[in-house]
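A.B. asks: Fold the following, please.
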Amino acid sequence: MRLLLLLILFQESIGLKTVTTSYGKVRGITDYSILGNDKFIFKGVPFVKPPLGDLRFSMPQKPDKWEGVLDASTYKAACPSNSSLSEHAQNFISEDCLYINIFTSQYCLKNKCPVIVYYHGGSYNLDSATMFPDKFILERYVDKGTVFVIPAYRLGVLGQFWLGDKELVPANLLVYDAIEALYYVQDEISNFGGNPNDVTIMGHSSGGQLVNALGVSSYVDPEQELFQKFIVLSSYEIFELEHFKINNSLNVAKRVNCFSKNHQEILKCMRNTDVMQILQAQRTMEDEDTAFFKSLIQAPPLMDYGEKLAEIKKRVPPRKLLCGVTEHEFEKYPYREGFRVEGVFLDFENPVETVTYYHDNFFNKTRNMFNTDSSAVFVSTATYTEAIVNAGGEVYLFETRQKPYSMHVSDMQYFIGIHRELHHTSDMDILDSFYSQMLVNFTKFGEPSPYWNKLDAKEMNFLALEIDTEKGIGPKMENGFHKELVDFWLVDMMELDKNITEQKQTKGSANGEANGEVNPTPMQINLTTLGSPNSTEVILESTIFITYVSPIPPRQTTYDPKIDEDQPVEGESAPIYNQWWFYVIIILIVIIAAVLILLALNKNNDPESLPLLA
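C.D. replies: Below is the predicted model of the structure:
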């Protein structure tokens, strides 16, 4: 008995800390403080069962209880990722990766501190819950009186596999992982010194997408029991069209020899396929630019299947939000031709037609005015923050403009300790000294600073965050958050969407849907060249032609009257049988038909050409 007591005392003295949960005892590590506020880290605590075997592509399930003491002194494996987008691959990966990491302190164990749950980014394809510096989190968050939590979630096809059958595989699997982590926090965080009634969720980039989707959903936590506040950084809420997700999932299945007309057979095969084969198939598709497991779809648990975002924004829970972007986001990144902008339009009445018209008419003209990826961040930020304010919530909006640059991920050095510059300027050091404190203040008090004005949806006021001591520049409030850009998408393009709807209604009343009639609608949009000292105005004039001949979403074509001004107008054209090219086409058709008949006759006796039996 004495030996056991001495062993326990020895473990505590070398830095081990034990906590009792509903599932069993957990032993983490201690970071001692000469001031008496020791800090503790519990790494790799299971919050669901490992998603192995039949649990691959299944809903997360509560973990099993264990006997004895669980070692939580080292990180568990990162979730499988093999993306060509990452320069820093995770060293240790396994499907057995759904664990939660908890950072707390002696002070919080006594006083029940506010909780931050941080969801990592990485386009839902890469990075992990184990990649952040412990020391930074302890100093910037735990020392300031918060409990910091980082859960893992399934990545890539493992977290987004979707065949279109909700009874077979749930859509948005990774979101269920994220929600299950919140249930674990609700049930267990008090054992680690956290207050389950004071939880803030936080995310950057795709982690911010996930957090924003949870924060505005009226399905996930409408009573605000799982979390009360949320922090969204450098995020754009773009949902992928459902058929893209299905096609990509089937493409992966085909590449690992699991394709079948029977979806149950596909699922069974995919569950029995080695995970590294699946990752390699996804990696190959990424390299070919044919895989997009980088967005969620409009489906449970966030919303009903295909529900319009415009309706969702009308039912946003009135939470508190701290939302930030960087000044240039993706502007310095190489342009991605495959980037889909459809998600920007998914709360329009006619997203497909609007996207097509944008690409056909405005894409090249606006490309130099605003980067499409950056536009998605700024427009999404404007629309969702406005929706939260209109729902009665409170929003604090800011934009980081710190020199020498402020792009996507450049702010991560200030709030999570990665992508840090080797040589900080003194101005960067000043920003570094209080950036994370803004997040802590918001978590603890519901506002980042008493001098920071809440967002007014009409003014779109925000804090411009920049330090330049030589020029006397400091943080200041400004109005008109990316006004020119937001007006283009949400005023001009909304007017286009309205015009398309009116076209449909006019054609419907004239019963012209089935006969392929075209109904041109002129449109003019004014674009202001951003950054020009003279604000040069560019006038774009064109006409929409939309043909309705099938249930497939129509693709728009455009017509410029200046190009064809010498052609006869409608009503003056000669009959088709008087046109010379009419007879040329007839002759070609006859020749082709004759050749095909001869080929068919010659192949009838060729056994190699006969169809195989099913």
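
A.B. asks: quick one, what contacts residue 62?
C.D. replies: Residue 62 makes contacts with 48-49, as judged by C-beta atoms under 8 Å, 6 or more residues apart in numbering. Bear in mind the C-beta positions are built from the backbone N, C-alpha and C, glycine included.

A.B. asks: all strands for the stretch 151-300 of the chain, in order.
C.D. replies: Secondary structure of the stretch 151-300 of the chain by DSSP state E, counting those that start in this stretch: the strands cover 194-204, 229-233.

A.B. asks: Can I get those in a markdown table including mean neighbour count and mean pLDDT?
C.D. replies: Formatted as a markdown table, the strands of the stretch 151-300 of the chain follow (neighbours: other C-beta atoms under 10 Å; pLDDT from 0 to 100):
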| stretch | mean neighbour count | mean pLDDT |
| --- | --- | --- |
| strand 194-204 | 23 | 98 |
| strand 229-233 | 26 | 96 |
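
A.B. asks: Between the ones you listed, which one is closest to residue 258.
C.D. replies: Closest to residue 258 of these, according to C-beta to C-beta: strand 194-204, at 32.3 Å.

A.B. asks: Pull up the pairing partners for that closest one, direction included.
C.D. replies: Each strand paired with strand 194-204, and its direction, by DSSP bridges: strand 113-119 (parallel), strand 229-233 (parallel).

A.B. asks: Quick one: closest of those strands to residue 460.
C.D. replies: So among the strands paired with strand 194-204, strand 229-233 is nearest, using C-beta to C-beta, at 16.0 Å.

A.B. asks: Please compute how far that closest one lies from its chain's middle.
C.D. replies: Centroid separation between strand 229-233 and its chain, computed with C-alpha atoms, centre = their mean, to the nearest Å, is 14 Å.

A.B. asks: who touches it?
C.D. replies: Here strand 229-233 has contacts from 116, 199-205, 208, 211-212, 214-215, 319-325, 381, 384, 411, 415, 439, 442-443, 446, using C-beta under 8 Å, 6+ apart.

A.B. asks: OK, contacts around residue 128?
C.D. replies: Here residue 128 is in contact with 78-79, 81, 90, 97, 120, 122, 152 (C-beta under 8 Å, 6+ apart).

A.B. asks: What's the separation between residue 211 and residue 203?
C.D. replies: Distance of residue 211 to residue 203, given as C-beta to C-beta, to the nearest Å: 4 Å.

A.B. asks: ditto for residue 403
C.D. replies: Taken as C-beta to C-beta, the span from residue 403 to residue 203 is 26 Å.

A.B. asks: just for the chain, where's the confidence low?
C.D. replies: Residue ranges of the chain with pLDDT under 70: 1-15, 83-89, 290-292, 328-347, 362-374, 406-408, 508-584, 595-614.

A.B. asks: hmm, 50 instead?
C.D. replies: 1, 3-14, 335-342, 512-574, 604-614 (pLDDT under 50).

A.B. asks: Can you list the residue ranges for helices in the stretch 201-350 of the chain?
C.D. replies: Assigned by DSSP state H, counting those that start in this stretch, the stretch 201-350 of the chain shows helices spanning 206-216, 242-255, 263-272, 275-287, 309-312.

A.B. asks: Actually, the stretch 401-550 of the chain.
C.D. replies: So, for the stretch 401-550 of the chain - with DSSP H, counting those that start in this stretch - the helices run 412-415, 426-445, 483-487, 493-509.

A.B. asks: which one of these has the most crowded surroundings?
C.D. replies: Most buried of the helices of the stretch 401-550 of the chain, by mean neighbour count (mean count of other C-beta atoms under 10 Å): helix 412-415, with a mean of 20.

A.B. asks: Only C-alpha atoms, please: export that helix in CSV.
C.D. replies: Provided in CSV are the C-alpha atoms of helix 412-415 (Å, rounded to 0.1, in the frame of the first residue of the first chain):
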residue,chain,number,x,y,z
MET,A,412,-2.5,32.4,-37.3
GLN,A,413,0.8,33.3,-35.8
TYR,A,414,-1.1,35.7,-33.5
PHE,A,415,-3.9,33.4,-32.3
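
A.B. asks: what packs against that helix?
C.D. replies: helix 426-445 (3 or more C-beta pairs under 8 Å, 6 or more residues apart in numbering; DSSP states H and E).

A.B. asks: neighbouring contacts of the helix it packs on?
C.D. replies: 114, 116, 140-141, 144-146, 200, 202, 229, 231, 320, 322, 396, 398, 400, 402-403, 411, 413-415, 421, 424, 447-449, 465, 467-469.

A.B. asks: got the buried residues for stretch 381-399?
C.D. replies: By neighbour count on 16 or more other C-beta atoms under 10 Å, the buried set for stretch 381-399 is 381-389, 391, 393-399.

A.B. asks: scratch that, stretch 442-456
C.D. replies: 442-444, 446-448, 452, 455.

A.B. asks: Between those, which sits nearest residue 67?
C.D. replies: Looking across the buried residues of stretch 442-456 and measuring by C-beta to C-beta, the closest to residue 67 is residue 443, at 35.9 Å.

A.B. asks: contacting residues for the closest residue to that closest one other than its chain neighbours?
C.D. replies: Spatial nearest neighbour of residue 443, chain neighbours left out: residue 200 (4.5 Å); criterion: C-beta to C-beta, 6 or more residues apart in numbering. Contacts of residue 200 were listed using C-beta under 8 Å, 6+ apart, and they are 114-117, 227-231, 442-443.

A.B. asks: go on, residue 393?
C.D. replies: 316-321.

A.B. asks: ok, now with 7 Å
C.D. replies: Residues in contact with residue 393 (C-beta atoms under 7 Å, 6 or more residues apart in numbering) are 316, 318-321.

A.B. asks: Just give me the neighbour total for residue 163.
C.D. replies: Here the number of neighbours of residue 163 (other C-beta atoms under 10 Å) works out to 19.

A.B. asks: What distance do you get for the closest residue to it other than its chain neighbours to residue 249?
C.D. replies: Among residues not flanking residue 163 along the chain, residue 263 sits closest, at 4.9 Å (C-beta to C-beta, 6+ apart). From residue 263 across to residue 249, the span is 10 Å (C-beta to C-beta).

A.B. asks: Repeat that for residue 386.
C.D. replies: Taking C-beta to C-beta, one finds residue 386 at 34 Å from residue 249.

A.B. asks: what residues does stretch 243-253 touch?
C.D. replies: Residues contacting stretch 243-253 (C-beta under 7 Å, 6+ apart): 157, 160-164, 259, 266, 270, 278, 281-282, 285, 290-293, 297.
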